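Give me a 3D structure for the following:
(one chain, ligands or ions: 1)
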Amino acid sequence: MEKTYIPTKHGNLTLPAFMPDATYGSIKAVSFNDVQKAGVEAIVTTTLHIEQKIGSLYIKEFGGLHKFFGWNKPILSDSGGWQVFSLIQSKRDKGKNKISDLGCSFVDPATGNHSLLTPESSQVIQNNLSADIVTVLDNPILGNVSLAERKECIRINTLWAKRSKAKFIELNSNVKEKPLIGAVIQGGNDYELRKISADELLEIDFDIYNFGGMPLHTGVTWLTESKKGFYHEMLEYVSGLIPSNKYKYAMGVGQPDDIAFCVDVGWDLFDTVLPTRNARHGLLYVSEGQGEQTKSYKNLAYDTIHIKTERYKFDEKPLDENCNCEACTTVSRAYLRHLLRINEAAGLRLATIHNLTFYSNWMDKIRKTLQK
Ligand SMILES: [Zn+2]
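Numbers count the residues shown, from 1 in each chain. Model (predicted):
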């Protein structure tokens, strides 16, 4: 089966797709209208942030996230687990967490409140949000733990996935247009555990299979701490474990060249904070030959620019001569540099619009060159 798009309640999502992360219900510095104009077809929203800062019952009463955001394209919600496990791993919850068959309990460092996230409560929250694609609560392997502990992580990961699916079915029993549901394959750097995790999740049957693990977006591998090599191999291996008629989501990937590699080995969906976060720090992605450093995958190449540096002080050229975004058609590199150096909102906005546009164009290039 040729996968060219994912049909959702809010239209078809063209594959492969890159989805920016809308943390706290917004993509920093830009409006959803800016995001749509940048060619973005779907966004990822962080469930726990929304629950804690806005409240999913409020969103439900309002009529769902699409109405609240004014965004009529697909929304993928994460399970909330990512934020909890980030807290646990960074020890910001001071070790006051407990992961059990029931779910994960943790202390929110902002409020000091004890919270409990279960497979079921995560599905209820995501249902309240009315997301087009929902995610099961997963249990990543944290740090260098024993084989017995890693196996226990996988057991709980599968148990939570089963209960998530049951709750998902219950919540959507009378729903005409059901959301899609994705499960997360765990196993860290252990090939055998990745296979076990994939097989167990395939038996439960989901629409989408996600590559899970942390941390991914640092680009450092778990096993050797070398740059990338290992996780590229693992991404290729895990993709091979998932039947080709299922959608495959490489969570947290990544750099444009990493995305191209992942598409080549079968992955369909990507999310990363890189284009938006880097834009705010003045790291911009441009066409090959127009920047400082070239990166490539096969015959696809791009450059990066550190716009805040001295070399752009008198640069009158547009940021990228091949780009039609608002930044590239209205301001010079020199002026954009000035705006970002003083952290001006207009500069943050223009840089973000450009990087998002670059990623949309990059996905187009991937579709044209890597896919038949
Ligand atoms: Zn541009």
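
What about residue 98, how many residues nearby?
13 (other C-beta atoms under 10 Å). Bear in mind the C-beta positions are built from the backbone N, C-alpha and C, glycine included.

quick one, phi/psi of it?
Main-chain torsions, residue 98, degrees, to the nearest 10: phi -140, psi 120.

quick one: secondary structure of the nearest residue to it once chain neighbours are set aside?
Nearest residue to residue 98, sequence neighbours excluded (C-beta to C-beta, 6 or more residues apart in numbering): residue 105, at 4.8 Å. Per DSSP: H, G, I helix; E, B strand; the rest coil, the secondary structure class of residue 105 is strand.

contacting residues around residue 105?
Applying C-beta atoms under 8 Å, 6 or more residues apart in numbering to residue 105 gives the contacts 97-98, 114-117.

And the strands in the stretch 151-300 of the chain, which stretches?
Here the stretch 151-300 of the chain has its strands, by DSSP state E, counting those that start in this stretch, at 180-185, 208-211, 247-251, 269-272, 283-287, 293-297, 300-306.

closest to residue 170 out of those?
strand 180-185 (12.5 Å; C-beta to C-beta).

Tell me what angle that closest one forms with strand 247-251.
60 degrees (axes from the mean of the first three to the mean of the last three C-alpha atoms, to 10 degrees).

can I have strand 180-185 written out in CSV, keeping just the CAs?
Taking C-alpha atoms only, strand 180-185 is exported to CSV below (Å, rounded to 0.1, in the frame of the first residue of the first chain):
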residue,chain,number,x,y,z
LEU,A,180,-6.2,7.7,15.0
ILE,A,181,-4.1,6.2,17.8
GLY,A,182,-0.4,5.7,18.0
ALA,A,183,1.7,3.5,20.3
VAL,A,184,5.3,3.9,21.2
ILE,A,185,7.9,1.2,20.6
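
got the contact list for it?
6, 8, 76, 79, 132-136, 138, 140, 157, 161, 164-165, 168, 194, 197-198, 201, 204, 206-212, 238, 241-242, 247, 249, 251.

Low-confidence stretches in the stretch 201-350 of the chain?
214-230 (pLDDT under 70).

In this structure residue 17 contacts residue 42, no?
Yes - using C-beta atoms under 8 Å, residue 17 makes contact with residue 42 at a distance of 5.9 Å.

Just checking the distance from stretch 325-333 to the centre of its chain.
27 Å (C-alpha atoms, centre = their mean, to the nearest Å).

What lies in contact with it?
Contacts for stretch 325-333 (C-beta under 8 Å, 6+ apart): 34, 37-38, 305, 307, 312, 315-321, 336, 339, 350-351, 353-354, 357.

Next step: the residues you listed restricted to strands.
Members of the contacts of stretch 325-333 lying in strands (criterion: DSSP state E): residue 305.

about what we covered before: got a PyMOL select line for the buried ones in the contacts of strand 180-185?
If you want just the buried ones from the contacts of strand 180-185 in PyMOL, going by 16 or more other C-beta atoms under 10 Å, the selection is:
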select buried, resi 6+8+76+79+132+133+134+135+136+138+140+157+161+164+165+168+194+197+198+201+204+206+208+209+210+211+212+238+241+242+247+249+251
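
Using a markdown table, please lay out the strands of the stretch 151-300 of the chain together with distance to the ion.
Output for those, formatted as a markdown table (distance: least, C-beta to the ion, whole Å):
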| stretch | distance to the ion |
| --- | --- |
| strand 180-185 | 31 |
| strand 208-211 | 30 |
| strand 247-251 | 25 |
| strand 269-272 | 18 |
| strand 283-287 | 8 |
| strand 293-297 | 18 |
| strand 300-306 | 11 |
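
could you dump those strands to TSV with distance to residue 262?
Shown next, in TSV, are the strands of the stretch 151-300 of the chain (distance: least, C-beta to C-beta, whole Å):
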stretch	distance to residue 262
strand 180-185	14
strand 208-211	9
strand 247-251	5
strand 269-272	7
strand 283-287	17
strand 293-297	10
strand 300-306	12
